[in-house]
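*Asks:* Mind looking at a prediction? Sequence and model below.
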Amino acid sequence: MKGVWVWILAGVSLVSVAVGEDDSRGSLVRVRASIQAYDQFRPWQKKSPYGLNGTGVVLPGGKVLATAALVANRTEVGLEKPGSAEKCAAEVEAIDYEANLALLQPTDRNFLKGFSGVLLGPALRAGDKTEVWQLERNGEMLRNQAEILSAGVGRYPSDEAGFLVYGVRVSLPKRDDSYTLPLMKDGQLAGMMMGYDRDSQEGTAIPVPMIEHFLKDAADGKYEGFPTLGVSWSPLRDPNLREEVLAPKSGGGLLLTRVNPRGTAGRAGLREGDVLLSVDGYKLDEDGNYRDPLYGPTAVGNLIRTKPTIGSPARFRISRNGKEMELTGTYDRKARDEVAIPTLQFDTAPRYLVAGGLVFQELTGTYLQEWGDKWSERAPQRLVELFTFQHEKRPDPSRKVVFLSQVLPSPITLGYLQLSGLVLEKVNGRTIANLNELAQVVDETKSGDLVFEFRDEPGKLVLQAQDLPSVSEKIRNDYGLPALRRL
Amino acid sequence: MLKGVFRVGGLLLIPLLGSCGTRDWQLSEARKNVVMIEVTAQTWDYRLPWNPGTVSSARGAGFVIDGNRILTNAHVVSGARYLTVQREADPRKYPAKVLHVAHDCDLALVQVEDTDFLKGTSVLPIGEIPELESVVSVYGFPIGGDRLSVTRGVVSRIDYNSYTHSGRESHLAIQIDAAINPGNSGGPVMQADKVVGVAFQGFRGDVAQNVGYMIPTPVIRRFLKDVEDGHYDHYVDLAIRWMPLENPAMRHYYQRPNDGQGVVVTDIFSEGSADGVLQKGDVLLSIDGHPIESDGSVRLDGQPVQLEEIVERKFAGDTVELGVWRNQALEKRKITLRPAEMFSMYENLYEEPPRYVLYGGLVFQPLTANLMAVLAGSADLRLRQTYTLFGQDQIYRETPEPVILASVLPDRSNVYLVGLAGQVVREINGRRIRTLADVLPALESGGERTVIRFEGDQRPAVLKKGEVDQVMPRIMTQYGITQAHRTELGGRRLAKGSWKKEEESK
């Protein structure tokens, strides 16, 4: 769940070929994004804005494909024609932060008139020769020779489970608009570069099967995302372990070590301890690979995420206590979306409530990331625990984690100042499952005590309800808060 | 060099304050009784718990007190296998033995058997807490030379501070600005002709200048009294958490007037001294008759100190009387004090050999501060959280001593298990593992296969009993292990826990 990935490009061109007029004209457009993320520690405000420049791929029909990382937390996105300064604003029509893809639509539908657009090319394999295209300042195309090093399931910047990814060797010169670059094969789109390491001259690219799935999903105007199984699994190579779980003697299959009851697998009836033998007719080996017709042995994650779409039927063959059986279900992504603590929170304003100086927020992965690279060591350990082990500690997705994030000193918070990172359980005896419920109790209590009960030390904090209106107003003025809550 | 004896890292040559003083009677009296202690110590290696460990030498200081005893720091003599003492006036090195070690307050007593050693020594009397700003002299054998060194400074601060040797304790400590460097450890800090402290720790590197700490005499006296019965007990603890009662709305809620007095109890640790006596939400108004201010301080000899200081000076079995405001009534509650043994996991262990169970290349070890120190870099989040939340969440009630699969010694019989190192063991052959003592009986139970399950959604480790018996001699030979397990706990005690033991025996 790493955040936005940043290009670091410098150095000299080694195997780049500048070409004149050819099929590359009318295929690329510059994408200028203005980015401003919310400040998770001061949820009422945003951080400093900055610009990102990338290269988008014009698709037939006049829409533009870019990476999601390029336009995450955007305030404005613009397109610019190469070779001229002609500009046009663009809307984000579909975006998938897990798959790191975004589809942009120019506000002026005629802006890209005359652009022929790029067709999607074939999927590539390791060893294939390919090109990474860059735009020169004058609009000329720079075509860098590249080679696919690997094709397999790997980590994306904002994904936990892993998608298909190409490893690419290419020597990229430093150019503007390189935050996103297209990977091309014979004039067709083969992938979108999403990461590059200048020292090793190796990068990663989102392959065409992912892009196809994304565009197909977005075509109806209602974007649904990639399916997930909602399981944790372990390889099943150890013969002792196979014997223990009564796995088939013929080999194959992986061991499910956790099954989310709300996920695709859980609702189809799969359980922890089952041996998953095949998915949709594809046999799984002991390491959790299926045999992909193109890529050979590939992690099952790619099968789940790129072949079916949301709502399509799922078919599982399992072995339970030595007995083989078929189970069927429907693909969805509830195990990912319906959670108490969401991981991905781009473009979304953090929710908060200021009550007499006590600042409450709802826990998200984005908040924890604000603590930096070592967030799991630096952030309050209770919050880290709830987030990391939420399937055990907070399995009910409707029960959000409301926590006291900080205390703004005020006349009524004397003695509370050092407190932060405390998970709220109850207010005046009522269990609090989200920030709105907290706001309701606070608003309804006009006089008497407001007793906040926390999971940890110091347990209870008390405010006098009648003090709240005037003190909250004073805090709003003194600290210049635009609002005392965002629910 | 002086390994760990003084917690100053960089070789900082700070200009010494003042001169070495005149040769007055007081100085020579101190000089007669200060000794250099040279220690050869052995430290266990928690990565290889069966090994006797590394041998290293260190140098510290000490001084002669009554009863033919030498007082020094616990960290000077920890793990000592051989130690000698030497006085300035006598070139001979006398072999000595450790009488008592108190790791929690970093003090130790050493004795020389040869009575020749005592010739020309006297007894350094122990004084009181020195005044702020008053001048003290520090004696010891710090880096920069081999002879006795004296530095001088003033008392800068008197406050609670952590005692880094144990890793978990905080006691009263006095900060002084006399130069203290590695080798000063255990040396006396003198004022007039009395000992007012024992130099023991400072800051590593260059984070601070002229900041050194000494153990004050209340802590020294407590230690000497504790060992009078020939045995050192641990410090005792109320084992509660409290919060200052400063907020007016909070005071109103607990129905206390705004008189600036009282703190509210926010947590009581199971098996601690106050377990069953205090409740969450009790307001503590007094301790042994001393009124408790709303910030948790009490006045002792006119000085404000934390209320714990009252408990600090007591011993196991002593009582303390608390004035408790509960249900709008003031009650007197008597608490019999005992050490907080359930937290002993957080103490750095020195004398106790590492405990472990080896089973077919799998090395099980109890979670201790020492094990955590070697695993820290590679520990996954679950292991780290088990360690950090063990006390706070009272995990000890269910699991007094979490057992870790600390490492897997690679062997052709366990190639698929290597990736499981670092996992927290939940059960073996269906038996819940609550302490290391549960591991061997659980391994012997069950059928032809041994199944080890871990916390979280990790796959189990499965081994064949017959195969393990076969490969054990090979693994032990390959890895140079002479003993397959060491499980006896020694002097330390663990939490009793509060799970239903009857269910277990079924």
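*Replies:* Nice, thanks for sending it over.
*Asks:* low-scoring stretches of chain B, by residue?
*Replies:* For chain B, residues meeting the criterion pLDDT under 70 lie at B:1-28, B:205-206, B:501-506.
*Asks:* Show me which residues of it sit near chain A.
*Replies:* Residues of chain B lying close to chain A by C-beta under 8 Å from any C-beta of the partner chain are B:241, B:243-250, B:252-253, B:264, B:266-267, B:280-281, B:381-382, B:384-385, B:388-389, B:392, B:416-417, B:449, B:451, B:456-464. Yep, even glycine has a C-beta here, placed from its N, CA and C like the rest.
*Asks:* Which of the residues you listed fall within strands?
*Replies:* In this view, those that belong to strands under DSSP state E are B:241, B:243-244, B:264, B:266-267, B:449, B:451, B:461-464.
*Asks:* Okay, domains of chain B per the record?
*Replies:* B:25-229, B:240-336, B:343-505 (automatic domain parsing).
*Asks:* can you count the residues close to residue 348?
*Replies:* Looking at chain A here, since you left the chain open. Look at A:Thr348: counted by other C-beta atoms under 10 Å in any protein chain shown, it has 12 neighbours.
*Asks:* wrong chain, I was asking about chain B
*Replies:* 16.
*Asks:* Does it touch B:Glu169 like I think?
*Replies:* No - judged on C-beta atoms under 8 Å, B:Asn348 makes no contact with B:Glu169 at a distance of 10.2 Å.
*Asks:* quick one: common contacting residues for these two?
*Replies:* Residues touching both B:Asn348 and B:Glu169 by C-beta atoms under 8 Å, 6 or more residues apart in numbering or on different chains: none at all.
*Asks:* quick one: which of the ones in strands among the residues of chain B next to chain A is nearest to B:Arg147?
*Replies:* B:Arg241 (48.4 Å; C-beta to C-beta).
*Asks:* Only the buried residues of the strand ranked longest in chain B, if you could.
*Replies:* Ordering each strand of chain B by length in residues (DSSP E) puts strand B:149-163 first. Using 16 or more other C-beta atoms under 10 Å in any protein chain shown as the test for burial, strand B:149-163 gives B:149-156, B:158, B:161, B:163.
*Asks:* try stretch A:190-205
*Replies:* By neighbour count with 16+ other C-beta under 10 Å, stretch A:190-205 contains the buried residues A:190-196, A:203-205.
*Asks:* Any chance of a markdown table for those residues, columns distance to chain B?
*Replies:* Shown next, in a markdown table, are these (distance: C-beta to the nearest C-beta, whole Å):
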| residue | distance to chain B |
| --- | --- |
| A:Ala190 | 35 |
| A:Gly191 | 32 |
| A:Met192 | 32 |
| A:Met193 | 32 |
| A:Met194 | 27 |
| A:Gly195 | 25 |
| A:Tyr196 | 29 |
| A:Gly203 | 29 |
| A:Thr204 | 25 |
| A:Ala205 | 29 |
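*Asks:* Narrow the residues you listed to those in strands?
*Replies:* Per DSSP E, strands hold the following members of the buried residues of stretch A:190-205: A:190-196, A:203-205.
*Asks:* Any chance of the residues you listed in JSON lines with pLDDT as columns?
*Replies:* Below are those laid out as JSON lines (pLDDT from 0 to 100):
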{"residue": "A:Ala190", "pLDDT": "96"}
{"residue": "A:Gly191", "pLDDT": "96"}
{"residue": "A:Met192", "pLDDT": "96"}
{"residue": "A:Met193", "pLDDT": "95"}
{"residue": "A:Met194", "pLDDT": "91"}
{"residue": "A:Gly195", "pLDDT": "89"}
{"residue": "A:Tyr196", "pLDDT": "92"}
{"residue": "A:Gly203", "pLDDT": "94"}
{"residue": "A:Thr204", "pLDDT": "95"}
{"residue": "A:Ala205", "pLDDT": "96"}
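*Asks:* now, among these, which is nearest to B:Ile310?
*Replies:* Nearest to B:Ile310, judged by C-beta to C-beta, of those is A:Gly195 at 60.5 Å.
*Asks:* which one is that closest one nearest to, not counting chain neighbours?
*Replies:* Leaving aside its chain neighbours, A:Gly195 sits nearest to A:Thr204 (4.4 Å; criterion: C-beta to C-beta, 6 or more residues apart in numbering or on different chains).
*Asks:* do B:Asp438 as well
*Replies:* Spatial nearest neighbour of B:Asp438, excluding adjacent residues (C-beta to C-beta, 6+ apart): B:Arg431 at 6.6 Å.
*Asks:* Could I get the phi/psi values of the one you found?
*Replies:* With angles defined as degrees, to the nearest 10, B:Arg431 sits at phi -100, psi 130.
*Asks:* so what's it up against?
*Replies:* B:438, B:441-442, B:445.
*Asks:* Ok, B:Arg69 next?
*Replies:* B:99, B:109-111.
*Asks:* same thing but at 10 Å, please
*Replies:* Neighbour list for B:Arg69: B:62-63, B:99-100, B:109-112, B:123, B:224, B:227 [criterion: C-beta atoms under 10 Å, 6 or more residues apart in numbering or on different chains].
*Asks:* do the same with A:Leu52
*Replies:* Counted by C-beta under 10 Å, 6+ apart, A:Leu52 has contacts A:4, A:6-7, A:31-35, A:67, A:69-74, A:77, A:177, A:179-180.
*Asks:* Just the buried ones among these, please.
*Replies:* Counted by 16+ other C-beta under 10 Å, the contacts of A:Leu52 give A:4, A:7, A:31-33, A:35, A:67, A:69-74, A:77, A:177, A:179-180 as buried.
*Asks:* Might you specify the subset of those located within helices?
*Replies:* Mapping the buried ones among the contacts of A:Leu52 onto helices (DSSP state H) picks out A:69-71.
*Asks:* Of the contacts of B:Arg431, grab the buried ones for ChimeraX.
*Replies:* Those of the contacts of B:Arg431 that count as buried under 16+ other C-beta under 10 Å are selected in ChimeraX with:
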select /B:438,442
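*Asks:* Just the ones in helices from the contacts of B:Arg431, please.
*Replies:* B:441-442.
*Asks:* re earlier: go through the contacts of B:Arg69 and flag which are in strands.
*Replies:* B:62-63, B:99-100, B:109-112.
*Asks:* Format those residues as TSV; extra columns: neighbour count.
*Replies:* Converted to TSV, the ones in strands among the contacts of B:Arg69 look like this (neighbours: other C-beta atoms under 10 Å in any protein chain shown):
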residue	neighbour count
B:Gly62	30
B:Phe63	25
B:Leu99	17
B:His100	19
B:Leu109	23
B:Val110	25
B:Gln111	15
B:Val112	20
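*Asks:* If we only consider those residues, which is nearest to chain A?
*Replies:* Proximity of the ones in strands among the contacts of B:Arg69 to chain A was ranked by C-beta to the nearest C-beta; the top entry is B:His100 with 35.2 Å.
*Asks:* and the most centrally placed residue in chain B, how far is that from chain A?
*Replies:* With distances taken as C-alpha atoms, centre = their mean, chain B has B:Ser166 as the residue nearest its mean C-alpha position (2.3 Å). Computed as C-beta to the nearest C-beta, to the nearest Å, the B:Ser166 to chain A distance reads 22 Å.
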